[in-house]
Structures are given as C-alpha cells and as structure tokens.
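>>> give me a model of this one.
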Amino acid sequence: MHTDVGKTLKTRHRDLGVHKIILSYNHNRNFRLLRSAVQEGIRVELMTNESCTRNCIYRDICYAIESNTGSRFPYQPRDSNIDIRGFPYSRCWQETSRNFPREFLKVGWIRPEDLVKYGDLGIHNFKITGRTMEQEDILFMTEGYLKMQHSGNLLDLMPVIAGSSETGAELEGARHTDYYLDNESLDGFIDHFVDKKEKCDDICQMDCWYCDDFAKKLRKERKVWGKNIWNS
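Numbers count the residues shown, from 1 in each chain. Take a look at the predicted model:
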C-alpha cells in the first residue's frame, strides 16, 4: 500500500487501523512531516540506508528487474538471467558518481550517529535495507547501526553503492566500492534539516543549495574521493 503524504498517513492510521507506517526514504529529512506524524500518534518507521537518488524515476523498474534475477549484487550479477549492469542501474549510478558527493548528499540516508535526532522526535523504529547483500555485509551494516557509530567510509553502509566497484580493486578504506566519503566529516550535516522549517522537496536547488555547498566543502577538505571525481 503506497503512502507518501501527510493526508494519506492520517487516513491509513485512523480509518484502516494501521499500527505502523514505513515512510519513503524521500521523507527522512522532512522533519516537519515527521513531527506532525508523531504528534498525530502515528508510529513511524524509517529506512536508514537507502541510497537511491531522490525521487528516482527508475525505482519501480529497478524493483521489477531485481525480483527477476537471482543475483545479490546489483552491479556485478552472478549467473543472472538479466544483465542488470546496464539499464536502469547504470543511469542512477552515473548520476550519483558524476556529481559525487553532491547528489549523494541529497539522498535521505540516515547515519548511525544521527539516529538520536529521530529518537528525540519520538521515532524509534528503523529498517536497515540490504536484501541484495551477503550475510556478512548485512551483519556489518547492522552492527554500525546498533552501536550508533561507524568509522570510515559511509558508503559501506549503503547496499547498492557497496556493490558498485567497477574494477574489483576497491579504494583503501572502502569495502566494496570505488568511492569514499569520510563518515566523521558529516558530523552536524543533519542539523540543517532538523532545524529548518521548509520541506526539502519544495526548495532543493531553487532556494536551497545546502548540499551543493557542503559537497564543495568536502572536496576542499579532501574528505571524499573516487574515480574521476575531481573532473566533475
């Protein structure tokens, strides 16, 4: 059942007797909506580590393809009957990597250290995604969120990006990817969204350039690196 806006949240909760609603990852930083939902008595659950681009137009297609392949590695399928290294996954990854980390910063992921920000709102239910990953990697991601702390590459906690290594020789400090974003350099990044009154969906790259400016800061401080990153 698709639920994506405040009105349907209230309707599902009140009229259908829904006890808990898992919101779209696109709303993870819409703290005005989250506060309103909690105030209405709605039990909200959030996905912590979705790395799909914001409002991705290929998301439904991705799910359809993934459900028809036996591979657990979206970017490097094993004995897959569908070559999912091409469309549509490559389109998403090209957009993310070409402007890395600008577009990635706009995605609604939640760092382990920032779970407390949501707890302060009254949200205590979180879903760690990773159905395409190996058990070892799922346990690795889960440990970080249980400890509410992760050192090193934030991308190691993102299921899709964690399978994006094109060379097979990952960068030093990165588990399964050719890109690196220092997690500790994002301390305080979420505060802008917690404190602001506007909805990110309404003003991104119109009246708000926060993520773009933060990406420039990370590059300047050399807290992020990857393939051809300095040429974009």
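>>> my guess is residue 127 contacts residue 46. True?
Yes. Counting by Cβ atoms under 8 Å, residue 127 touches residue 46, with 7.0 Å between them. Every residue, glycine included, has its C-beta placed from N, CA and C.
>>> assign a three-state SS to residue 181, would you?
At residue 181 the chain is in strand, as set by DSSP: H, G, I helix; E, B strand; the rest coil.
>>> now the helices for this protein?
Remark: helices assigned in the chain by DSSP state H are 6-15, 31-39, 59-66, 89-98, 102-105, 115-119, 135-147, 191-195, 200-203, 210-220.
>>> okay, those, which one's buried deepest?
Neighbour counts (mean count of other Cβ atoms under 10 Å) averaged over each of these peak at helix 102-105, with a mean of 20.
>>> what's it packed up against?
helix 89-98, helix 210-220 (3 or more Cβ pairs under 8 Å, 6 or more residues apart in numbering; DSSP states H and E).
>>> try 10 Å
If you count contacts as 3 or more Cβ pairs under 10 Å, 6 or more residues apart in numbering; DSSP states H and E, helix 102-105 packs onto helix 89-98, strand 179-181, helix 210-220.
>>> export the helices of the chain to CSV and tack on distance to residue 22 and mean pLDDT?
Shown next, in CSV, are the helices of the chain (distance: least, Cβ to Cβ, whole Å; pLDDT from 0 to 100):
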stretch, distance to residue 22, mean pLDDT
helix 6-15, 11, 64
helix 31-39, 12, 89
helix 59-66, 15, 74
helix 89-98, 21, 74
helix 102-105, 22, 90
helix 115-119, 14, 97
helix 135-147, 16, 92
helix 191-195, 19, 90
helix 200-203, 18, 64
helix 210-220, 24, 92
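>>> ok, which of these comes nearest residue 178?
helix 89-98 (8.3 Å; Cβ to Cβ).
>>> circling back: which neighbours do residue 127 and residue 46 share?
Listed contacts common to residue 127 and residue 46 are 22, 25; contacts here mean Cβ atoms under 10 Å, 6 or more residues apart in numbering.
>>> of these two, which one has the most company?
A side-by-side neighbour count of residue 127 and residue 46, using other Cβ atoms under 10 Å, places residue 46 first with 20 against 13.
>>> enumerate every residue touching the more buried one.
Residues in contact with residue 46, defined by Cβ under 10 Å, 6+ apart, are 22-25, 27-28, 34, 108, 110, 115, 118, 123, 125-127.
>>> write the PyMOL selection for whichever of those are buried.
Of the contacts of residue 46, the buried ones go into a single PyMOL selection, burial set by 16 or more other Cβ atoms under 10 Å:
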select buried, resi 23+24+25+27+28+34+108+110+115+118+123+126
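>>> using CSV, list the CA coordinates for the longest strand along the chain.
The residue-count maximum for a strand in the chain (DSSP state E) belongs to strand 43-47. Provided in CSV are the C-alpha atoms of strand 43-47 (Å, rounded to 0.1, in the frame of the first residue of the first chain):
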residue,chain,number,x,y,z
ARG,A,43,4.1,5.0,14.7
VAL,A,44,6.6,5.8,12.0
GLU,A,45,9.4,3.5,10.8
LEU,A,46,12.2,4.9,8.6
MET,A,47,14.7,3.2,6.2
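>>> what's the local residue count around residue 134?
14.
>>> look up how far residue 112 lies from it.
Going from residue 134 to residue 112 by Cβ to Cβ, to the nearest Å gives 20 Å.
>>> cool, residue 192 as well?
19 Å.
>>> cool, and residue 44?
18 Å.
>>> could you do residue 60 as well?
29 Å.
>>> likewise for residue 214?
19 Å.
>>> got it, and residue 96?
Distance from residue 96 to residue 112, by Cβ to Cβ: 21 Å.
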